[in-house]
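Peer 1: sequence first, predicted coordinates after that:
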Amino acid sequence: MRRVLTAVAALAVGATALTACGTSGSGSSEPTVRLGYFANLTHALPVLGVSNGQLQQALGSTKLETQTFNAGPAAIEAVNSGAIDATFIGPNPAISAWTQSAGSAIKIVAGATSGGAEFVVKPDITDSPDSLRGKTFATPQLGNTQDVALRYWLKQKGLSAPKEGGGDVYVAPQDNAQTLDLFKQGKVDGGWLPEPWASRLVQEGGGKVLVNEKDLWPKGQFVTTHLIVSQKFLESSPDKVKALLQGVVNTLNTVQANPIKAKADVNAALKTLTGKALDETVLARSWDNLTITVDPIASSLQTDLDHAVDVGISKPADLNGIYDLTILNSILTAAGKAPVSAQGLGKQ
């Protein structure tokens, strides 16, 4: 059921240029905020906020430069190297960046998405250990959020799935597009995937949902995407961080005011970024499976780490201090909205 603490983030050192999808920005010496995000639906807030100009509008005369990524470790390396100031990212890469730097590299300053992950399998597979044993299931990346979720869920079923292979179930980390193709060909038995890939396995591959991950969490809430900033950037430019967060909150307001239009606008922006829009039925199902929010759902982060430790993906670590939600909460309270909680893992 959960996230991921990527034990393989170190392999991404120096790989930013290889895994980044693209950049936008002048590279000039004018005041800038350099922001990373992914061109997918679980990053709907930055996808929309960049495309409709709300992030740039909030930054005023400070120029927004953006870079899109395919993988969390590459985005973390870009933050660590100083290539970007902030990035939207999944929980596990953030935990990895925190622990590997002994708490000196990043802070989580806002949420972006909750939910949006499912375990989709062939129609004849059930959740009984006998039905699962000997099967091959895909995840997006070794040690990523969904990879840990699947391995932990299997362990609760009494089934082993070690990252080295050779267990009761084989977990195959691979690109999501490859998983869809192999699932259609019958070469993998399913996958624990984020949206929109889970919906694509259902609607294009004829799969069934064996587990909706939100059913495994209290109130169905768990962090899928949040916003991190480098601590150097937070300390040197808190005004820029505040402006960026104001733009994020403004974008959330736009989504909440007209979710139907926001959904269409996000899909149009994804087409610009990737060259292809999502099918309308896939979009509708995926969108309904997500909760777009600036609440980082901090209550789920420690559990993410605990599960990663349990399945041998990471080592125990102290997450105290990983959040700094003070700027976000100042914006929320000024707008008459409820503040969000760090659940004892940092400032709020």
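Peer 2: In hand now; what should we look at? Numbering: from 1, shown residues only.
Peer 1: all strands for this structure, in order.
Peer 2: Taking DSSP state E to define them, one finds strands in the chain at 20-24, 32-38, 63-69, 86-89, 106-115, 117-121, 136-139, 170-173, 190-194, 208-212, 223-230, 290-292, 323-324, 346-347.
Peer 1: got the contact list for the second one?
Peer 2: By that I understand strand 32-38. 25, 43, 46-47, 50, 55, 59, 62-70, 75, 78-79, 83-89, 237, 240, 243-244 (Cβ atoms under 8 Å, 6 or more residues apart in numbering). The C-beta positions use only the backbone N, C-alpha and C, and glycine is treated the same way.
Peer 1: so what strands line up beside it?
Peer 2: Here strand 32-38 has these sheet partners by DSSP bridges: strand 63-69 (parallel), strand 86-89 (parallel).
Peer 1: pull the CA atoms of the first one into PDB?
Peer 2: The C-alpha atoms that make up strand 63-69 are tabulated as PDB, following Å, rounded to 0.1, in the frame of the first residue of the first chain:
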ATOM      1  CA  LYS A  63      10.800  34.900 -14.200                       C
ATOM      2  CA  LEU A  64       9.600  31.400 -13.900                       C
ATOM      3  CA  GLU A  65      11.800  28.800 -15.600                       C
ATOM      4  CA  THR A  66      10.500  25.300 -15.800                       C
ATOM      5  CA  GLN A  67      12.000  21.800 -16.400                       C
ATOM      6  CA  THR A  68      10.000  18.600 -16.800                       C
ATOM      7  CA  PHE A  69      11.300  15.200 -15.600                       C
END
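Peer 1: still on that earlier bit, out of the strands paired with strand 32-38, which one sits most buried?
Peer 2: Greatest average neighbour count among those goes to strand 86-89 (a mean of 28), per mean count of other Cβ atoms under 10 Å.
Peer 1: mind putting the strands paired with strand 32-38 into JSON lines with mean pLDDT and distance to Val121?
Peer 2: Formatted as JSON lines, these follow (pLDDT from 0 to 100; distance: least, Cβ to Cβ, whole Å):
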{"stretch": "strand 63-69", "mean pLDDT": "96", "distance to Val121": "29"}
{"stretch": "strand 86-89", "mean pLDDT": "97", "distance to Val121": "28"}
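Peer 1: distance to Gly115 for the ones you listed - can I get that in TSV?
Peer 2: Shown next, in TSV, are these (distance: least, Cβ to Cβ, whole Å):
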stretch	distance to Gly115
strand 63-69	21
strand 86-89	16
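Peer 1: which of the strands of the chain comes out lowest on mean pLDDT?
Peer 2: With a mean of 49, strand 20-24 has the lowest mean pLDDT of the strands of the chain.
Peer 1: can you verify my assumption that Val148 contacts Asn92?
Peer 2: Yes. Between Val148 and Asn92 there is a contact under Cβ atoms under 8 Å: 6.8 Å.
Peer 1: what packs against the top helix by length along the chain?
Peer 2: Ranked by number of residues, the top helix in the chain under DSSP state H is helix 238-257. With contacts taken as 3 or more Cβ pairs under 8 Å, 6 or more residues apart in numbering; DSSP states H and E, helix 238-257 sits against strand 32-38, helix 44-51, helix 54-59, strand 106-115, strand 223-230, helix 231-236, helix 326-334.
Peer 1: got TSV for the ones you listed, with distance to Asp175 and mean neighbour count too?
Peer 2: As requested, those are arranged in TSV below (distance: least, Cβ to Cβ, whole Å; neighbours: other Cβ atoms under 10 Å):
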stretch	distance to Asp175	mean neighbour count
strand 32-38	13	24
helix 44-51	20	26
helix 54-59	28	20
strand 106-115	21	26
strand 223-230	19	27
helix 231-236	31	16
helix 326-334	33	17
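Peer 1: which one of the ones you listed lies nearest to Thr303?
Peer 2: Set against Thr303 and scored by Cβ to Cβ, these come closest in strand 223-230, at 10.0 Å.
Peer 1: returning to what we had before: and of the helices and strands packed on helix 238-257, who's closest to Leu182?
Peer 2: Short answer: strand 32-38, nearest of those by Cβ to Cβ, at 22.0 Å.
Peer 1: I'd like the distance from the closest one to the chain centre, please.
Peer 2: 15 Å (Cα atoms, centre = their mean, to the nearest Å).
Peer 1: kindly report the same for stretch 312-330.
Peer 2: Its chain's C-alpha centre and that of stretch 312-330 lie 15 Å apart, by Cα atoms, centre = their mean.
Peer 1: ok, for the residue positioned nearest the centre of the chain, nearest residue in space, not its chain neighbours?
Peer 2: The centre of the chain sits closest to Gly90, judged by Cα atoms, centre = their mean, with a distance of 3.0 Å. Nearest residue to Gly90, sequence neighbours excluded (Cβ to Cβ, 6 or more residues apart in numbering): Thr145, at 4.7 Å.
Peer 1: what is the burial count for that neighbour?
Peer 2: Burial measure for Thr145: 32 neighbouring residues, criterion other Cβ atoms under 10 Å.
Peer 1: same check, this time on Lys271
Peer 2: Neighbours of Lys271 (other Cβ under 10 Å): 13.
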